[in-house]
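> Below are the sequence and a predicted model for it; my questions follow.
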Amino acid sequence: MSQVQKYNGQDADIQLWTFPGGIHPPERKAPANQEPIRRFPLADEFIIPLRQHIGALSEVQVSVGDHVRKGDLLSAPGIEHGLPVHAPTSGEIIEIGEFPLNHPSGLSGPGIRLRSDHEDTWGQRHPLPDYRNQSHLTVLEHLQRMGIAGLGGAGFPTARKVAGARGIDCLIINGAECEPYIAADDRLMREHAAEIVRGSLILQWMTHASSILIAIEDNKPEAIAAMREAVAQTREQLSAEQQSDFVLKVVVIPTKYPSGGERQLIQILTGKQVPAHGLPADIGILMHNTGTAWAICRAIEHGEPLLERVVTLTGESIGSPCTAWVPLGTPVQHVLAHVDFTPEAQQRVIIGGPMMGFTLPHLQVPVIKTTNCILAPTRKELPPAGQEMPCIRCGACADVCPASLLPQQLYWLANAQDYDGLKAHHLADCIECGACAYVCPSEIPLVQYYRQAKAEMREQAIEHHKAEIARQRFEARQARLEREKEERLERHAQAAKAREEALAARKQQAEQRSASGTTDDAMPDANSDPVASAVARAKARKAEREAARNEESSAVTGTDTVQAQDPKKAAVAAAVARAKARKEAQAAAQKDTETNTEASTPEDKKKAAVAAAVARAKARKAAKQKDEDS
Amino acid sequence: MLKTMQKNGVILGTFAVLATTLIIIAQLLTADRIEAQQRQELMRTLNTLIPATLHDNDLYSDCVLLQRPDILGLAEQPVYRARIEGVPSALAIRTTAPDGYSGQIHMLVALTPQGVVKGVRVLQHRETPGLGDKIEVERHPWILSFDGQRMRSENDARWTVRRDGGMFDQFTGATITPRAVVNAVARTTWFAQSEMDALFSAPSNCLGDPEQWFEDQS
Amino acid sequence: MSFFIASSPHHHMRRNTADLMRLVLLAMVPGVLAQWYFFGWGVILQIALAISVALAAEALCLLARNREASSGLRDYTAVVTAALLAISIPPLAPWWVIVIGTLFSIVIVKHLFGGVGHNIFNPAMAGYVLLLISFPAQMTSWLPPVTIAHELPGFWDSVRLLLFGFTGDGYSLEQIRHVDTGAMLDAVVMATPLDHIKTELAQGFTLSEAKGAVIFQGVAGSGWQWVNLAYLAGGLYLLKQRVISWHIPGALLGTLAVFALLGAVFAPDQLPNVDIHLFSGATMLAAFFIATDPVSAATSTRGKLIYAALIGLLIYVIRTWGGYPDAVAFAVLLANLCVPVIDQYTKPTAYGHHEERS
Amino acid sequence: MSWVLGIIALSVLALVAGLILGFAAIRFRVEGDPIVEQIDQILPQTQCGQCGYPGCRPYAQAIADGDEINKCPPGGQATIDRLADLLGREAKPLDAAHGAEDVKKVAVIREDECIGCTKCIQACPVDAIIGATRQMHTVIADECTGCDLCVEPCPVDCIDMLPLPTKPERWTWNLEQIPVQNITDAAATTETSERGPA
Amino acid sequence: MSSEYQTLTKNGLWENNPALVQLLGLCPLLAVTGTVTNALGLGIATMLVLIGSNVTVSLVRNFVPKEIRIPVFVIVIATFVTLVELLMNAFTYGLYMALGIFIPLIVTNCAIIGRAEAYASKNPWPQAAFDGFMMGLGFACVLVALGAMRELLGQGTLFDGAEMLLGEWARELRIQIVQFDYPLLLAILPPGAFIGMGFLIAGKNWLDGRRLQKAQQSPVVKAQRARVTTVN
C-alpha cells in the first residue's frame, strides 16, 4: 500500500474526484492473481454462440462437415455493426443449431459446434501494422472483421463504439477491476502491459483524444508498476512531436466498489457526470477496457481475431485458483476440470464476480467474450442470501448507491409494479452493481427486483408498440372493408340504376310501340332471352353446388365410394373430413375424460388420452384411405 | 347567448326569492318559541343557584350589562338580580376565566347580598374530557366547594388551589383548569363584594339576545 | 450436475435487522439500569410485561395476517418497541396501562398499517401518546428518585402496586408519591423536573426559584440527569457500532441546544437553559433511540438532518409553550407526519440528472 | 325591512350569477370526448372480441359509456388496474365470463395442411395472415395479436395457437423458470437442482 | 318498481353508504359523534335535509338548465338547512346548543349535494324522496354506531343526554353499561373518532370481502364473444 501511495504522490497533477456511495467488500483477489496466466490443453469440442454481443445476428458462413482453421470466419460480420465469430482453433464443424447460452436465463440460442483436431493450425492472418497510413474506415472495418468487442461488461462491438464517438477529448483505459475475486485484468496488465499501451495508442490515433488515462485501483501495485514501466518505454519510443500531442498517464485510484463502472470511473477521473440518456462521448470521453486495448493491439499488429481471453478461475471450491487464457467457445466444464474443481452440495458456479455475476444451471455453456471470471465459492465463503425480511427503510441502500438513486423507494415501486413511478425515480440509471443488496439488513434481493422491473418495463414498451401497430392495422383494415362495402353498394346502385333505366327504356319502347301500333313479336323474346339464360345458369350452378355438398357430406360420413372427378377437390374434401374427424375425436376424448372425472386417476387420464389419440389416428387413416381411393 | 343568460338569471333569481321567502316565514313562525327556549334555558341554570323562593321578580329582565373585561373576562357580562318585594336577595354574575387549559371557561357565580358565594356553575368550556371537565357539577362535586365561601381581602391566600397553598383541591393530572376557575371566581366575588350596592341599584339594560354573550371570543 | 441458482449479488454484509435490533436493546441496558437504580423495580417489571404482551400481540397479528410468525418474531422489532414504551411510562403505573399501550402500538400502529417497515408513526411513541391523553393521571404519576425518596418500594411491593395498586402494607401509589418537604402543607406530589419547572414558571416564579426545589440536585434534576447520561452512553455505543449515523442525534440535540441557548440568553429567568433541556426528560432517549427508528424517520442524509432538527425544534416549542412538560412523543409523531414531504424534497439527484434540475 | 333587503340582495346576486353562468356555458364549452381515446390506448389492441364488442375501440367506447372495465382477458389484471386508475373506478378481478388471462400466444398455420381457403385471412382483424386463394397461407408472427379468431373458421383445423417462445433478449429474469437441462454427461451425475431463493 | 326501491335501500344502507363508502360528510361525522344523542340528532337533521332537498330537486329538475343546476341545488339545500336549524333551535334547544356549528355545516355535507346531483336530478320525486330517506338513514346509522362506540368507551354509557333531543321523559333512556374508573379518553377526543371510523370501514370491507368470496364460488356463465370480423 505504501508503494501505491508513493505512486500517487507522483501523480499529483491529476485531480481525483469521488462518486457518492460505494462499498468496500473483502477483495479476495489474492488466490487467483499470484501465478502467471496459465494455459490449459485444448478442449475436444467448442460451442461458438453466434450472438456474443449486442447487435444483429450474423449469418453462418460454414456448413456441417467443413474443416476450418484457427481464426477462420464462421459467420459474416452482419448488418448494423454486428460482429462475426471465428474458429477458436482448427477442426471440423459438426453441428449448427441451438445450444445452451452463457446467459443468466439458461436458455438456448443459435450456435456452431466445432470438433477440435488438436492441431491448432492458424488460418490466413491479415495484420495491419501500418495502420497509421490507412483510413479510419479501413481500421474500423478491420476491427469489426476481427470480432473485437468490449471485454469488460456488455461486450459492445468496439468498432461501433469508436465509430459512434465524435469529439473525444479523453480516452480512458479502464483497469480498475473493482469487483472482488476478479484478477483477469490485473494479470493481463502485469504480463502484457506493452501491448495494452500500444492498443491504447491505436485508439488514440482513431479518436484524436488529447489524453489517455489508464485507471487502476490502488490494490494492484504490481499491475501499476508494470503499466508505468510500459508507459515510460512507450514515451521513449514515441517521437517528441507525438509526445507533445497527447498526455499518456497511469492514474491510481482508491479502491472502492464499483469504481470500475464506466460512469463511476468517469466521475472519479473528471468529476463530470455522463448525462442520463447520453453516452460518455457526449462529454468528450471514450472508455475501453484494458483487455479490449490488448485485443485491438493483437488484431492490428498480428491480424489475430478475438479468439481467447483471460479468465479468472477462483473460489474455494476450486483447488488451484488462477487466471488462464481460455479460447472462446471452450465449455466451462472443460476449464473447471483443470483447476481441481470439487463441487459441494448446492454448489454455485458464478460467471463474473460475486457482485454482478450470474449463476449457471450447468457447465455445458461456452466461455464467451465477456466471461472474465468463473467463480465457484463454497457456502461458507459466500453464504447464499438469507430469508427476505420486510424493508425497514433504514436508508443504508441509498447511502451506498453510486448512482444516487433511492433503492428502497424503487423497491416499493417495483413491488407495486408502479412503472411510471419507477421511471420517475430513474430506475433506468441503476447499473445493477448490487451495492444496495450487499448492505441491506433485511437481505432483500433488491437488484433482482430491479432487473425484473426493468425487463417488465421493456416488455411493456414492446407490447405497447405492438399494440399500436395492431391498432393501425385494424383501423386500416376497417377502413378498407368500409371502402370495399361502399364500392360494392355503389356498384349495386349503379347496376340497379342501369336496370331501371333499361326497364324504363323498354317501357318507353313498348309504349311507343303500342302508340305506333306496330307489334314486333321478336322484340320481347330477344329481350327476355338473356334473363332466362342467366336464371338457367344460376340454377345449374346451384345444382352443381348441391351435388358437391352432397359429395362432401358423404365423404364425411365415410360410407360411400364417391369417385371425385377433380383430384384437388377431393383433397380439399379429404382435408375437411380429416379436420372433422379430428374434432370429433377430440370431442370424444373430452367426453371420455369428462365421464371419467370421478375416477380421474392419472392412469385413467392417460388411458383416455391414449384412446383419443387412437381415435384420431383411426380417423386420419380412414381419411387417407379415402384419399387413396379417390 | 343573451337569451340563455337571461333565462338562467331569471330562474336562479326566482329560486333565491322563493328560498328567502320561505326562510323568512319560518323564522317569523319560530321566533317566539326560540326566544322562550333561550330564556327557559338560562332560567334553568339561574334557578339552580337562586331558587324560586329567593325571588319574586323576573330574573331574566332584571339584569345589568357590566363592562369590566379586566374582571369578568369578556367585554360585556350580564348580572341578574333577585329581589323579594324589591329587597335584594341574591345576585348571579356571568364571568369568564380566560386562562383555562383549552381556552375560555364561562361560568355563573351566584352571591348573597353579603358577598357570600351561593354557588358556582360552569356554563360552557372546552377542557379535556375526563380531566378538566371535573369542573362540571354533573361529573364532580368540586365546584360545590365554593359554596358558602367569602373573601377576606383582595389577595386572600386561601382562594388558590392547594398546590399554590390555597384551600381548593386540584385534580390529579390537572392544575391549570381549577386554578383558572378559582382565580376567576375570586376576582368576581371580590368585585361583587366591593360593589354590591351599585350592582343592585343600576337600571336594567340587557334586554336582547343573551346568546351573544356565549359567543366565544377566543 | 445441476447447480444452485441465485441472483446477484452473491455477497452480503451479513448484518440483518435482528442483529441491529439486538444491538439497540444492548445499548439500552445502561439507561435501564440507571432507571432501575433511581426509580426501583417498576421499570424492570414494566419492560418484562411490555415485552411479553408485545410478542404475544405480534404473533397473533402475524397469524391473523397469514404471515410466518417465527421469522417476524425473531426480528426483535416488537421487543424494541415494547422496551421503549415501557421505559417511557411511570415505573409504577398500573399493569393495564402498559398492556393497553403495547397492544395499541403493536396491533394498531404497527400491524394495521402493514407491519414492520410500513408504519408511518413510531409505534412506541404513538402508544405513549395514546396513554398520555387517555390516562393523564396515571401517566403523570412519577415516583421521586431514590435520592429524594430515601426508600423505594421493593420488588414485591412493586409487583403488588402494579397489579393491585397497593403495597403489602396497604399504601397506595398516591401515598408513596407524596414527599414530606416540611412546607406549609403536609406533602407535595412528586413531579418530574420538567413538569415542576413548567408549573412553577406558569405561576410566575423565576427559573432560579423553581430550580431551588428539592428535585433539582445536580444539573438537570436528581436521578434524571444520570438516566440521560446512561442513555447517552448507550447511544454513543450505537454510533460506534454504526447502527445509527450521527445525523439524527446530532441534529436533534444541536437544534434543541441552540434554541435553549437563545432562550436562556434572551429570557434567562423564564426559559430553562441548555443543561436542563438536554439532560432532563427523555431527551437522550429520543435522540439516540426513538428518533433514529429507521422505519418512521426520513431516509436521505439531508432528510435525516431536517427531520431531526424538526424534532428538536418541536421539543423546544412544546416544552416552552405547549401543554405538556416533556414533548418528545408529540414532537416525534409530528415529525413522522412530515417524513414523506421531507423525503420528497431531499431526494438526491440521480447520476446524470444534474442538468435536469438546474 | 331587513328581510326585504335580504330578498332583494339574494335575487340580484342570483340573477348576476345566472347571467355569468349562461355566458360561461356557451363560451367555454368543451367539444369531443377524448376519454375514449385514452381508454383505447390502454387496451391491448388484440381485437379479439372476447369482451363482447367487435374490437378494442368499440369496447373503449362502451367503457366510456359506463360498461365494466374487467372484460378484457388479453389485457388481464394489469389493464384493469390501469383503466381503474384512469377512470377512478374500482379495480375488479377479471370477469371469468369473458375468459381467463393466458400466456401470450401466436397463431401458427401447419402449412402442409393448409388448403388455401382464405377464411382465416378474412377472419384476421389485423391482416396478419398472408396468402391467396388455393395458395398456402402463413402468419406474420410479429403482427399476430394472438386473438385466435382465425382458428375457428379454418375448415381443416390447421391453425394452432402456440405460446410465444422466450428469447434471451426478452427474458424477464424469472430465475424460478430456468430450465434444468438433463444433459447426458458421463462425468456429471444428474440430480434435480434445488432452486435458490430468487 | 319494487326492485328500484330495494336497490335504493341496499345502496343507502350498505353498498353506497355515504359515510362508509363515499366517505362524505366526515367533518360533522367525526366531530359530533361523542355521544349517541348527538349522533342521532345530527343524523336526523341530515336526513330531513336530504329528503327535502331530494324532493325539491327532483320536482324542479325539468325546469333547471344544466349550467345553473349546482347553484340551484345549493340554494335549495341551504334553505332546508336553515329551516332545520330554526326548528331545532325552537324545539330541541339543548341539542341545538350541543351540535353548534355542525348544523349549519350540513350545507356543505357533500352527501346531500351528491345525492341531488347523482340521483334526484334524474329521477321522479317519490324515488328521490325514498333515496334521500335511505341515504340519510345510512348516514345516521353510521353516526349512531360511531357515537355508541365512542360513548361506550369514553363514558361507559349510552344515550347520555337523550332528553335534549327527545324531551324530559328520555332522561330514563340513559344506560350506564360500564363504570370506568379511568375511561378511555381517546375515544371521546377527535383522534378516537378517526380510529373508530377506520374500524367501521374495515369491518364493512371485511364483511364485503367474505361475501364476495362466497359469491365467487358460484359457477360463471360464459359471455357471448363478439366476432370482430365477418366470415363469409
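Done, it's in.

> quick one, helices of chain D?
With DSSP state H as the definition, chain D shows helices at residue ranges D:2-27, D:35-42, D:56-64, D:76-87, D:119-123.

> elements contacting the shortest one?
The helices and strands touching helix D:119-123, judged by 3 or more Cβ pairs under 8 Å, 6 or more residues apart in numbering or on different chains; DSSP states H and E, are strand D:129-130. C-beta here means a position set from N, CA and C on the backbone, and glycine is covered the same way.

> Which strands or helices does the strand it packs on pack on?
Checked by 3+ Cβ pairs under 8 Å, 6+ apart, strand D:129-130 has helix D:119-123, strand D:138-139 packed alongside it.

> contacts for the last one?
Contact with strand D:138-139 is made by D:Val106, D:Ala107, D:Val108, D:Ile109, D:Glu111, D:Ala128, D:Ile129, D:Ile130, D:Gly131, D:Cys150, D:Ile159, as judged by Cβ atoms under 8 Å, 6 or more residues apart in numbering or on different chains.

> Parallel or antiparallel, list what pairs with that strand.
The strands beside strand D:138-139 in its sheet (DSSP bridges) come out as strand D:129-130 (antiparallel).

> Run a quick neighbour tally on A:Ser317.
22 (other Cβ atoms under 10 Å in any protein chain shown).

> Regarding the closest residue to C:His10 other than its chain neighbours, what is its secondary structure?
Closest residue in space to C:His10, ignoring its immediate chain neighbours: A:Pro354 at 4.6 Å, by Cβ to Cβ, 6 or more residues apart in numbering or on different chains. Assigned by DSSP: H, G, I helix; E, B strand; the rest coil, the conformation of A:Pro354 is coil.

> Break down chain B into its strands, ranges please.
Under the criterion DSSP state E, strands of chain B are mapped to B:63-66, B:77-84, B:87-100, B:103-111, B:117-124.

> Let me have those in JSON lines, extended by distance to chain A.
Rendered in JSON lines, the data for the strands of chain B read as follows (distance: least, Cβ to the nearest Cβ, whole Å):
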{"stretch": "strand B:63-66", "distance to chain A": "60"}
{"stretch": "strand B:77-84", "distance to chain A": "56"}
{"stretch": "strand B:87-100", "distance to chain A": "41"}
{"stretch": "strand B:103-111", "distance to chain A": "39"}
{"stretch": "strand B:117-124", "distance to chain A": "46"}
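
> Nearest to C:Asp293, out of those?
With Cβ to Cβ as the measure, strand B:103-111 is the member of the strands of chain B nearest C:Asp293 (34.4 Å).

> So which bits of the closest one are buried?
Of the residues in strand B:103-111, B:Gln104, B:Ile105, B:His106, B:Met107, B:Leu108, B:Val109, B:Ala110, B:Leu111 count as buried by neighbour count, 16 or more other Cβ atoms under 10 Å in any protein chain shown.

> hmm, it in reach of chain E?
No - counting by Cβ under 8 Å from any Cβ of the partner chain, no contacts exist between strand B:103-111 and chain E, the nearest distance being 12.2 Å.

> so how many other residues sit close to the nearest residue to A:Thr370 once chain neighbours are set aside?
Using Cβ to Cβ, 6+ apart and skipping residues adjacent in sequence, the residue nearest A:Thr370 is A:Gly155, 4.3 Å away. Using other Cβ under 10 Å as the criterion, A:Gly155 is surrounded by 20 other residues.

> picking that back up, so which of the helices and strands packed on strand D:129-130 comes closest to C:Val43?
Distances from C:Val43 to each of the helices and strands packed on strand D:129-130 were compared using Cβ to Cβ; the minimum, 76.9 Å, belongs to strand D:138-139.

> Which is the succeeding secondary structure element to the helix or strand that A:Ala293 is a member of?
Assigned by DSSP states H and E, A:Ala293 falls within helix A:290-302. Once the chain leaves helix A:290-302, the next helix or strand it forms, by DSSP H and E, is strand A:308-314.

> ok and that following strand relative to helix A:290-302, angle-wise?
Taking axes from the mean of the first three to the mean of the last three Cα atoms, to 10 degrees, one finds strand A:308-314 and helix A:290-302 inclined to each other by 150 degrees.

> packing partners for strand A:308-314?
Identification of packing neighbours for strand A:308-314 by 3+ Cβ pairs under 8 Å, 6+ apart yields helix A:30-33, helix A:184-191, helix A:290-302, strand A:322-327, helix A:332-337, strand A:373-375.

> what pLDDT does C:Leu285 get?
The predicted local confidence for C:Leu285 comes out at a pLDDT of 92.

> Now do the same for it: helix, strand or coil?
Here C:Leu285 is recorded as helix under three-state DSSP.

> Over to A:Lys497?
Under the three-state scheme (three-state DSSP), the conformation of A:Lys497 reads as helix.

> in stretch A:331-351, what's buried?
Going by neighbour count (16+ other Cβ under 10 Å), the buried part of stretch A:331-351 is A:331-336, A:338-339, A:341, A:343, A:346-351.

> Next, the distance between the ends of stretch C:80-94.
Distance between the boundary residues of stretch C:80-94 (Cα to Cα, to the nearest Å) amounts to 21 Å.

> looking only at pLDDT, what's the mean for it?
Predicted confidence along stretch C:80-94 averages 92 (mean pLDDT).

> near chain B, anything from that stretch?
No - contact of stretch C:80-94 with chain B (Cβ under 8 Å from any Cβ) is absent, the minimum separation being 11.5 Å.

> roughly how far is that stretch from the heart of the chain?
Taking Cα atoms, centre = their mean, to the nearest Å, the mean C-alpha location of stretch C:80-94 is offset from the chain mean by 9 Å.

> and it with chain E, contact?
No - judged by Cβ under 8 Å from any Cβ, stretch C:80-94 and chain E are separated, with a smallest distance of 8.6 Å.

> Determine whether any part of that stretch lies close to chain A.
No - Stretch C:80-94 stays clear of chain A (Cβ under 8 Å from any Cβ), getting no nearer than 11.0 Å.

> For that stretch, buried residues please.
Of the residues in stretch C:80-94, those buried by neighbour count under the rule 16+ other Cβ under 10 Å are C:80-94.
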